[in-house]
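Colleague: Sequence plus the predicted model coming up.
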Amino acid sequence: MIVIDGITKTHFGRPVLEDVSLEIPTGSNLGLMGPGGAGKSLLLKIVCALVRPDRGKITIDGVDVLSLDEIELAELRFRIGMLFQNYALFDFMTVSENIAFPLRQEGKLNDAQIKAAVDGILETVGLPGIGHQFPNELSGGMKKRVSFARAVLPEPPIVFYDDPTAGLDPVTSSKIFLLLKDMRDKRGVTSATISHDIQGIKDICDNFALLDRGKLVFYGNRQAIEQSDIPIVRQFWDGFSDDELG
Amino acid sequence: MSSAAPQRLFERLGAGFMSYAQEVGGVTLVIWEVIKHAVPPRLDGPETWRNMYRVGVKSFPIVVVTAILVGAIMVIQSGMYIEQYGAYGLLGWGAGYSIFREVGPIMIGLMFSGRVGANNTAELGTMKVTDQIDALRALAIDPIGYLVMPRVFTMIVMMLLLVVVGDFVALLGGAITSRYLLNVSMELFAWSVITYIGLPDFLHGLYKAVAFGFAIAVISCHFGLRTSGGAVGVGRSVNASVVGSAIAIFVLDYFITYLDS
Amino acid sequence: MATEPQTNGWQERVLAPIGEPMLEVYEIVRGIASTFMLTIYYTLNRKKRREAIAEQLFEIGNKSVMFIAFTLGFLGMILIYQAGYQAMRITGDLQMLGALFLQLLLRVFAPTITAMMLATRVGSGIAAQIGSMVVTEQVDALKMCAAQPIQYLVVPRFIASTIMSVVLTIFAVLVAYVAGAIVANTAFNVNFYTFWNLSFIGWFDVIICLTKAVAYGMAIPVIACQAGLVVTGGSEGVGRGHRPQWCTAVWPS
């Protein structure tokens, strides 16, 4: 259970998040939507304590995240996987080394086990045999999938996906959404998904939240969002606009 | 395989030499373009003023701080010998001579290349990788006249002015240090400077300032305009630009010292 | 300062331009100090990755050899030329030229100029590389894998730069001394044996030289990494991130 309580953050005197409160129940997937620059990625980074908010509180399974020191945070972050918006693959490592990096840092498996695990996950994301290449030799969609593999390979109980299907063709993105669905249904991970692909996240998320210019406009489950009459929610959910944008 | 080893060595030597030759050739071409645009002078007025402000005013604090410390160090170091021989009257000469002729222009030149030259390469490099240079060409604006000439002009003028300022600030720093560290009065220090240092010593530094300013400008513009490969490429260009400027400063310094003494 | 902008008219206008750069300098110094302390902590307390250190040793040391040889060689020639010319004019005695030159080289020029050249070549590269890692979220990704950026990125460079600064300073002394000897011989007819005069050099000079080299070697990567880690604002920010390491060269002696 992740509780986000009253998060406020200003950047150069400009508010980028204003009093955002949300909950992500254990084993559920939260769909985060909103126009660009609404603060979606920032919110996920705050939950991992990569960015410190000005005000507010984050609790993960009862632990107050913002009061932890760096050593305790390192422990916590082992349990969180993150797929970054810009892939964030280490460009000085090969694909295999990238994917293996969190496992090596954890230090539980030996080299042979790590190698087997890396080959296995590359097979799962549909990219077998590219382990020796460097990230800058890959296409955008391949980088996304490698980043996904790196985030989920240590089997963390919490995973955040920051725009997992941006720039992918429809076939690949539906494969990615299937992977996401498996993560929730078979492994029971708690997760949040930022996406602009409403059709894609409709069926894999339990709750939905919509941020607009730093404010939480809507938060609720699928039934609530289908009945909501907030204009911007309708525009996002139905994918077209009858009247002017709000 | 045994015959391949010397061949590889020659290959690497040759590749290294070729890449150096390419840079030198590129810089020469930029110099040629600058000369072509210099007679008659063709440079963009507002852009020149903007650059003068940015380069001159923004580098002023770091130059002053560097100069004070350089003056202090020169006095501390020569003080070692001065105390040994008791020749306090020579302190101003020792510090002034080395500051005017060598240390002043070199230190300020290196600071200048690290701050202004690097900034310039980064700026032009970013413009290049974001296709802004091509956009200028598409608008029928000559990038050399619009971007390079104002920068070359600015850097020569500002380097000259900063060395003048830096020289005197360094002397001031030296005088204060000698007053409080070696107990040599400021009057004696000033007397020593005025008596032993002539106009040629001062001019010697200014020739160097002009040469360094020109070299830094041309080299930083060349590496900026040659940038490719995104943000990483900009970083690489900046690195190459400061390295090239440093080499140019020392080489030019040697030849100016050799010719003018 | 900015808390009561309406009420304080002239006071603010007078004090703000003074206070703002001071706060900025304070922020920079504080950032560098905390990075330095963390670097020392991780250097002493955590296991280090040999291959990363070796790679940085090569990157910082071997690749700078030609550059240092070139610049310091010319520096030696310039210094001897100026000094010899002055000595000829005033005393006409060039007996002590070599000894004085070596002492000055050890105490001031070799460590300081070598450090400036290292800051130029290595410092700006480190700042740019780490800056681009920040912009592309790689530093965040490191943190998410429970790897401390300072431990992972700064420590190998810190160790390599400290070692290589000492090595290169010694190399620089040799190069500059030999270059100076050649100029003294060709331009002023000073015999190599006369030039090779160690009478002025004590252990003290050597210790000063090496202490400075170690201090500069430690300072360069810390300041450059700090400059890289605070980069914000896309690719232009990467290009701007190399100003502060010039502060390295400002605190000699």
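Modeller: In hand now; what should we look at?
Colleague: can we go C-alpha only for contacts and neighbour counts from here?
Modeller: Will do.
Colleague: host element of the residue nearest the centre of chain C?
Modeller: Most central in chain C under CA atoms, centre = their mean is C:Ala115, positioned 3.3 Å from the mean C-alpha point. In the assignment (DSSP states H and E), C:Ala115 maps to helix C:110-118.
Colleague: and for that helix, what are the contacting residues?
Modeller: B:243, B:246, C:64, C:68, C:72, C:165, C:168-170, C:172-173, C:209-210, C:212-213, C:216-217, C:220, C:246, C:248-249, C:252 (CA atoms under 8 Å, 6 or more residues apart in numbering or on different chains).
Colleague: rewinding a little: can you tell me how far the residue nearest to the centre of chain C sits from chain B?
Modeller: 12 Å (CA to the nearest CA, to the nearest Å).
Colleague: So for the residue of the stretch 1-150 of chain B found nearest chain C, what's the pLDDT?
Modeller: Per CA to the nearest CA, B:Ala122 is where the stretch 1-150 of chain B lies closest to chain C, at 4.8 Å. B:Ala122 is assigned 84 on the pLDDT scale.
Colleague: What's the local residue count around it?
Modeller: Using other CA atoms under 10 Å in any protein chain shown, B:Ala122 is surrounded by 34 other residues.
Colleague: same thing with A:Ser147?
Modeller: A:Ser147 has 27 neighbouring residues, counting by other CA under 10 Å.
Colleague: what's the answer for the one 5 residues further on, then?
Modeller: As a burial measure, the neighbour count of A:Val152 was computed by other CA under 10 Å and equals 22.
Colleague: what residues are up against it?
Modeller: Applying CA under 8 Å, 6+ apart to A:Val152 gives the contacts A:81, A:159.
Colleague: Check which helices and strands the helix or strand where the residue of the stretch 1-150 of chain B closest to chain C lies is in contact with.
Modeller: B:Ala122 belongs to helix B:118-129 when assigned by DSSP H and E. Using 3 or more CA pairs under 8 Å, 6 or more residues apart in numbering or on different chains; DSSP states H and E, the elements in contact with helix B:118-129 are helix B:199-225, helix B:230-259, helix C:234-240.
Colleague: Run the angle between the first one and helix B:230-259 for me.
Modeller: Spelled out, it's helix B:199-225. 160 degrees (axes from the mean of the first three to the mean of the last three CA atoms, to 10 degrees).
Colleague: Helix B:199-225: how far from the chain's middle?
Modeller: Between the centre of helix B:199-225 and the centre of its chain there are 6 Å (CA atoms, centre = their mean, to the nearest Å).
Colleague: tell me which residues in it are buried?
Modeller: Within helix B:199-225, the residues that count as buried by 16 or more other CA atoms under 10 Å in any protein chain shown are B:201-202, B:204-225.
Colleague: can you list the residues that contact the lowest-mean-pLDDT helix or strand in chain A?
Modeller: None of the helices or strands of chain A scores lower by mean pLDDT, DSSP states H and E than helix A:70-78, at a mean of 83. For helix A:70-78, the external contacting residues (CA under 8 Å, 6+ apart) are A:48-49, A:65, A:102, A:106, A:156, C:143-147.
Colleague: can I assume A:Lys57 sits in a strand?
Modeller: Yes. Assessed with DSSP: H, G, I helix; E, B strand; the rest coil, A:Lys57 lies in a strand.
Colleague: before we move on, the earlier item: where helices are concerned, which of the contacts of helix C:110-118 count?
Modeller: If you go by DSSP state H, the contacts of helix C:110-118 have B:243, B:246, C:68, C:72, C:165, C:168-170, C:172-173, C:209-210, C:212-213, C:216-217, C:220 in helices.
Colleague: ranges for the helices of the stretch 1-150 of chain B?
Modeller: Assigned helices in the stretch 1-150 of chain B, in chain order: B:4-38, B:45-52, B:58-85, B:91-98, B:104-112, B:118-129, B:132-138, B:143, B:149-181 (criterion: DSSP state H, counting those that start in this stretch).
Colleague: May I have the predicted confidence score for B:Tyr81?
Modeller: Confidence for B:Tyr81, expressed as pLDDT, is 75.
Colleague: meant to ask about C:Gly233, not that
Modeller: If you check C:Gly233, the pLDDT there is 48.
Colleague: Next: B:Leu181.
Modeller: pLDDT, B:Leu181: 81.
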